[in-house]
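A.B. asks: Need a 3D model of the sequence below.
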Amino acid sequence: MTVTANQKIVPFLWFDGQAEAAMKLYTSIFPGSEIRQLQRWGNNAPGFNADWVRTGVIEINGLRVFLFDAGPQFKFNESVSFMVTCKTQAEIDDYWAKLTANGGKESECGWCKDPFGFSWQIVPELVTNALDQGGDPTRISNMMQALWKMKKLDIATLQAAYDA
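C.D. replies: Next up is the predicted model:
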């Protein structure tokens, strides 16, 4: 399948034999997502496991992402993450649970790692809207003080801090 999109900048994720599992997990979590392409290295690529993903393309919630398997040379770290903006607490709870299941890990301030070690930020619209729109600095500071004490973010607590 040929992938066409107007998305000029595309995230490209390097895995160590787990790209296909990541593709399946990510497309199962986000509605309207799909695996667009999956090609394996095959037997003609010396140094690579024939069953590993050479070219993997997924679309998650409208974002095209390339993935491939190329070995253990590089690892994910917190300097790169995907931020997921959520409207409701139920949405936050659902994404958080699915991303931290099966070996994923909770972190601070709405960040978590999936089972592959990739970082995600699960953030309510309240936070992104306040920061994007340059709201009242005191209210934003109050909200951020509350946020820094949390792992999974709680909309009601953040809203109360913002409104205080």
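A.B. asks: from here on, contacts and neighbour counts on C-alpha atoms
C.D. replies: Noted.
A.B. asks: Next up, the contacts around residue 85.
C.D. replies: By C-alpha atoms under 8 Å, 6 or more residues apart in numbering, the contact set of residue 85 is 122-125, 128.
A.B. asks: in stretch 72-91, what's buried?
C.D. replies: Applying a neighbour-count criterion of 16 or more other C-alpha atoms under 10 Å, the buried positions in stretch 72-91 are 84-86, 88, 91.
A.B. asks: what bits of the protein have low per-residue confidence?
C.D. replies: Counting by pLDDT under 70, the low-confidence segments of the chain come to 1-5.
A.B. asks: what are the ranges of the helices in it?
C.D. replies: Taking DSSP state H as the criterion, the chain carries its helices at 19-29, 89-100, 125-132, 137-147, 155-163.
A.B. asks: Quick one: the ones you listed as a markdown table, columns for distance to residue 114 too.
C.D. replies: What follows is the helices of the chain, written out as a markdown table (distance: least, C-alpha to C-alpha, whole Å):
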| stretch | distance to residue 114 |
| --- | --- |
| helix 19-29 | 9 |
| helix 89-100 | 5 |
| helix 125-132 | 21 |
| helix 137-147 | 21 |
| helix 155-163 | 22 |
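A.B. asks: and of those helices, who's closest to residue 56?
C.D. replies: Taking C-alpha to C-alpha as the measure, the helices of the chain were each checked against residue 56, and helix 19-29 came out nearest at 7.5 Å.
A.B. asks: Would you mind putting the CA coordinates of the closest one into PDB?
C.D. replies: Taking Å, rounded to 0.1, in the frame of the first residue of the first chain, the C-alpha atoms of helix 19-29 are listed here in PDB:
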ATOM      1  CA  ALA A  19       7.900  -2.400  16.000                       C
ATOM      2  CA  GLU A  20       5.000  -4.700  15.000                       C
ATOM      3  CA  ALA A  21       3.800  -5.100  18.500                       C
ATOM      4  CA  ALA A  22       3.900  -1.300  19.000                       C
ATOM      5  CA  MET A  23       2.000  -0.800  15.700                       C
ATOM      6  CA  LYS A  24      -0.700  -3.100  17.000                       C
ATOM      7  CA  LEU A  25      -0.900  -1.500  20.400                       C
ATOM      8  CA  TYR A  26      -1.000   2.100  19.200                       C
ATOM      9  CA  THR A  27      -3.700   1.400  16.500                       C
ATOM     10  CA  SER A  28      -5.800  -0.500  19.100                       C
ATOM     11  CA  ILE A  29      -5.700   2.300  21.600                       C
END
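A.B. asks: All set, thanks.
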